[in-house]
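K.L.:
the following comprises the amino acid sequence and a computationally predicted model.
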Amino acid sequence: MGEMYINESIILLNMEASNKEDVLSKMGQNLQSLGLVKESFTKAIIAREAEFATGLPTKGVSVAIPHTDVEHVIQKTISVAVLKDPVDFCVMGDDEETTPVKLVFMLAMDKPHDQLALLQRLMQIFQDEETLATLAAETSETAVLQLLENKLDFALKGGE
């Protein structure tokens, strides 16, 4: 498993967005400008979110975990956006229901197995109300990065 690209450039704090497509577009464009994903990535992630919603109404702060197929990814990474104001995402498994998302974890994985391993680790973060509240209130990209590195230790180093 290759190394994951992770630094402050993939952490977007206080992001303003009018809707979920705006969120996904801004995050995808950022990853593309860094050379981490292909030109097709943003369109693919928006299309996948429309078909398979990723909003999770977690305790305190709702999250979304948009992702798409491995062929759109150049370098494995996870981008995090803390939205200035929550944006409605459809709830995973229920297209009729929405949840006001404040934290978005955009996954760009280059192997299907890696995505599953990372999702399992992220679920542990999503079940920790205190960690989510800390992330939602954070004003430093470095602090968000350090928290992620601590919580996702093995997944970022690329081994199980």
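P.N.:
Perfect, I can see it now. Here the structure is a predicted model, which means the values were calculated and not measured.

K.L.:
how about the residue nearest the centre of the chain, secondary structure?
P.N.:
The centroid of the chain falls nearest to residue 105 when counting by C-alpha atoms, centre = their mean (1.4 Å). Counting by DSSP: H, G, I helix; E, B strand; the rest coil, the backbone at residue 105 sits in strand.

K.L.:
quick check: closest non-adjacent residue to it.
P.N.:
residue 65 (4.9 Å; C-beta to C-beta, 6 or more residues apart in numbering). (Glycine included, C-beta is placed from N, CA and C.)

K.L.:
double-check that neighbour against residue 107; I have them as touching.
P.N.:
Yes - with contact defined as C-beta atoms under 8 Å, residue 65 counts as touching residue 107 (6.4 Å).

K.L.:
now do the contacts for the spatially closest residue to residue 134 that is not a sequence neighbour.
P.N.:
Closest residue in space to residue 134, ignoring its immediate chain neighbours: residue 147 at 6.7 Å, by C-beta to C-beta, 6+ apart. Listed by C-beta atoms under 8 Å, 6 or more residues apart in numbering, the contact set of residue 147 reads 131, 134-135, 138.
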